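>>> sequence and predicted structure below; questions after.
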Amino acid sequence: MIDYTLTREEFTPAVLSLPEGYVLEMVDLKELRHKNYVNADKIYDWVEAWGSDEHLDKAGCGCYIRYQDTIVSWSISDCYARDRIAVGIHTDSSYRKMGLASKAASAVVQSCFDKGYNIVEWLCVSTNVGSKAIAHRKPD
């Protein structure tokens, strides 16, 4: 397991230029439940650990990139302690190698810093080449 950490001072946001038709949206569970997006269930499963929509809204954050009615990539905070928060990222296998995960992760990291966290971290297994590449990628 590799633990990556990023401080506010080290962070340079990715340029948010998405392919035509792709949209980045912040996770608003109340709003998301009114949509019929493919992969929304995966976001619901991920945020279940927060216990309530209100707790996620107050202490956590997340965003997703969608193409039409399909959520294709998402990044969501997992847990927090004091001034540290952990995030995770995932991209639907049909939409990988497009740079979407790094843009989703960058938006969530920025949101974490905006909420007052000073350190953002994520864990990945050493064999997860995609996640390691995002951690080492320089901003666009």
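Yep, that arrived. Here the structure is a predicted model, which is why all the values come from computation and not from measurement. Residues are numbered from 1 along each chain as shown.
>>> so for Trp50, what's the nearest residue that isn't a sequence neighbour?
Leu56 (4.1 Å; Cβ to Cβ, 6 or more residues apart in numbering). Any C-beta I mention is one placed from the backbone N, CA and C, and that applies to glycine too.
>>> next, count neighbours for the one you found.
20 (other Cβ atoms under 10 Å).
>>> specify the local secondary structure of it.
Counting by DSSP: H, G, I helix; E, B strand; the rest coil, the backbone at Leu56 sits in helix.
>>> hang on, it packs against Trp46?
No. Assessed by Cβ atoms under 8 Å, Leu56 is found out of contact with Trp46, at 10.0 Å.
>>> overlap in contacts, these two.
Common neighbours of Leu56 and Trp46 (criterion: Cβ atoms under 8 Å, 6 or more residues apart in numbering): Gly62.
>>> for the longest helix seen in the chain, which helices and strands make contact with it?
The longest helix of the chain (DSSP state H) is helix 100-114. Helix 100-114 is packed against strand 22-26, strand 62-67, strand 70-81, strand 84-91, strand 119-124, helix 129-136, with contacts defined by 3 or more Cβ pairs under 8 Å, 6 or more residues apart in numbering; DSSP states H and E.
>>> buried ones in that helix?
100-113 (16 or more other Cβ atoms under 10 Å).
>>> now for this structure, the helix or strand with the poorest mean pLDDT.
The least trusted helix or strand in the chain, going by mean pLDDT, DSSP states H and E, turns out to be helix 129-136, with a mean of 55.
>>> burial count for Ile43?
Neighbour tally, Ile43, other Cβ under 10 Å: 20.
>>> correction: Asp57
14.
>>> next up, the contacts around it.
Contacts for Asp57 (Cβ under 8 Å, 6+ apart) come out as Leu29.
>>> look up how far Asp28 lies from it.
8 Å (Cβ to Cβ, to the nearest Å).
>>> Lys115 now?
Taken as Cβ to Cβ, the span from Lys115 to Asp28 is 15 Å.
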